[in-house]
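**Q** Any chance you could fold what I've pasted below:
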Amino acid sequence: MRIVISAASGLIGTALAASLVRDGIEVTRLVRRSPASPAEVSWDPRATAGRLDPAVLSGADGVVHLSGAPVAGGRWTPARKQQLRDSRILSTRAIVEAIAAAPQPPPALLCASAIGFYGDTGDRAVTESAPNGTGFLAGLVRDWEAAAAAAPAGTRVVSLRSGLVLSGRGGILGSLLPLFRLGLGARLGGGQQYMSWISKTDEVAAIRFLLDHPEVSGPVNLTAPAPCTNAEFTAALARAVHRPAMLAVPAVALRTALGEVSSELLGSARVLPQRLEQAGFSFRYPDIAGALTAELA
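**A** Now for the predicted structure:
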């Protein structure tokens, strides 16, 4: 088998590529610099032409497209919003165009997406059948998925609506761990907003599961089956690092400091992995305490 991965040096891409290689699967990594090995191919998703050689995708057994600038990388200024859109939509269009032009198109495109599609769901649990929410991120995810859905007939498209990916090597935990280990962990706002998360181990396993299950297409929630509130998450992380977490950051302070992006910290996302479980996927870490213990080990 041969799988092509974009953003293969990122948190998820690195783990996914390593998992595939361990099982003897060839991995082609798309990089935005000069290739450092025969397994790497340079591409430029922002170029007006020749962004990706279709021959790179021809004959591959699947493409996993994970590119996208970090949503929490700064205030959502107009320039930042454009960067978030371009990094996702332009790169996805480049992948889709290359698939369409490939002599032997890959049978599957698994494209990164996000549970931000649903917007703020409050206390309401939602599955893949829920409608598109409102707000900047919900609109961005909608357009991102539409770009992937333009892949030609014959290529199965799966939109990986990931929640917060928990890993001791980066992501949200990479930002929070230094504070929590100093005893400065804090809930955000009232702490009753839901957080839908998934361990890095289960994220990688779910992507591999979906590569191997051609009957599954369309949006799939990559979230653990037990979303927790921010207060529950804060307490669980504090226990995992054996430190207290008695502080709270007022909602008004977050809005003042972060602007519009604070809505992603204060909003509630109670998202369930209905399609993944119906397809037969079994989570290794379904609860937050077990996931944190495993990922921080």
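**Q** switch to C-alpha atoms for all contacts and neighbour counts from now on
**A** Will do.
**Q** Show me the strands in this structure, by range?
**A** Here the chain has its strands, by DSSP state E, at 2-6, 26-31, 40-42, 62-65, 108-114, 156-162, 164-167, 170, 186-188, 194-195, 197-199, 218-222, 228-229, 247-249.
**Q** Mean neighbour count, these: which tops it?
**A** Burial of the strands of the chain is given as mean neighbour count (mean count of other C-alpha atoms under 10 Å); strand 197-199 ranks first at a mean of 28.
**Q** Parallel or antiparallel, list what pairs with that strand.
**A** As defined by DSSP bridges, the strand partners of strand 197-199 come to strand 164-167 (parallel).
**Q** Show me where the stretch 51-200 of the chain has its helices.
**A** Assigned by DSSP state H, counting those that start in this stretch, the stretch 51-200 of the chain shows helices spanning 54-57, 78-101, 136-149, 171-181, 200-211.
**Q** Nearest to residue 48 among these would be which one?
**A** helix 78-101 (9.5 Å; C-alpha to C-alpha).
**Q** which residues sit against that closest one?
**A** In this structure, residues lying in contact with helix 78-101 by C-alpha atoms under 8 Å, 6 or more residues apart in numbering are 45-46, 51-54, 57-58, 65, 67-71, 74, 105-106, 111, 140, 143-144, 147-148, 150-152.
**Q** before we move on, back to that, turn the strands of the chain into CSV, columns for mean pLDDT and distance to residue 288.
**A** As requested, these are arranged in CSV below (pLDDT from 0 to 100; distance: least, C-alpha to C-alpha, whole Å):
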stretch, mean pLDDT, distance to residue 288
strand 2-6, 98, 28
strand 26-31, 97, 31
strand 40-42, 96, 36
strand 62-65, 98, 27
strand 108-114, 98, 19
strand 156-162, 98, 16
strand 164-167, 98, 10
strand 170, 93, 17
strand 186-188, 97, 16
strand 194-195, 98, 10
strand 197-199, 98, 8
strand 218-222, 98, 15
strand 228-229, 98, 8
strand 247-249, 96, 20
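**Q** could you dump these to TSV with distance to residue 263?
**A** Below are the strands of the chain laid out as TSV (distance: least, C-alpha to C-alpha, whole Å):
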stretch	distance to residue 263
strand 2-6	28
strand 26-31	32
strand 40-42	36
strand 62-65	26
strand 108-114	15
strand 156-162	18
strand 164-167	15
strand 170	22
strand 186-188	11
strand 194-195	13
strand 197-199	17
strand 218-222	21
strand 228-229	15
strand 247-249	14
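**Q** still on that earlier bit, going through the contacts of helix 78-101, which ones are buried?
**A** 45, 51-54, 57-58, 65, 67-68, 105-106, 111, 140, 143-144, 147-148, 151 (16 or more other C-alpha atoms under 10 Å).
**Q** on that earlier part again, do you know which of the helices of the stretch 51-200 of the chain lies nearest residue 287?
**A** From those, taking C-alpha to C-alpha, the stretch that ends up closest is helix 200-211, at 11.6 Å.
**Q** So which other helices or strands are in contact with that closest one?
**A** For helix 200-211, the contact count by 3 or more C-alpha pairs under 8 Å, 6 or more residues apart in numbering; DSSP states H and E identifies helix 11-22, strand 108-114, strand 164-167 as packing neighbours.
**Q** would JSON lines of these with distance to residue 202 be doable?
**A** JSON lines is the format used below for the helices and strands packed on helix 200-211 (distance: least, C-alpha to C-alpha, whole Å):
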{"stretch": "helix 11-22", "distance to residue 202": "11"}
{"stretch": "strand 108-114", "distance to residue 202": "15"}
{"stretch": "strand 164-167", "distance to residue 202": "9"}
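**Q** and the one residue sitting closest to the centre of the chain, bridged to which residues?
**A** Per C-alpha atoms, centre = their mean, the C-alpha nearest to the average position across the chain is that of residue 162, at 4.3 Å. Counting by DSSP bridges, residue 162 forms beta bridges with residue 114, residue 222.
**Q** Residue 219 is in contact with that one, correct?
**A** No: using C-alpha atoms under 8 Å, residue 162 is not in contact with residue 219; the gap is 10.2 Å.
**Q** Burial check on residue 49, number of neighbours?
**A** For residue 49, the count of nearby residues is 9 (other C-alpha atoms under 10 Å).
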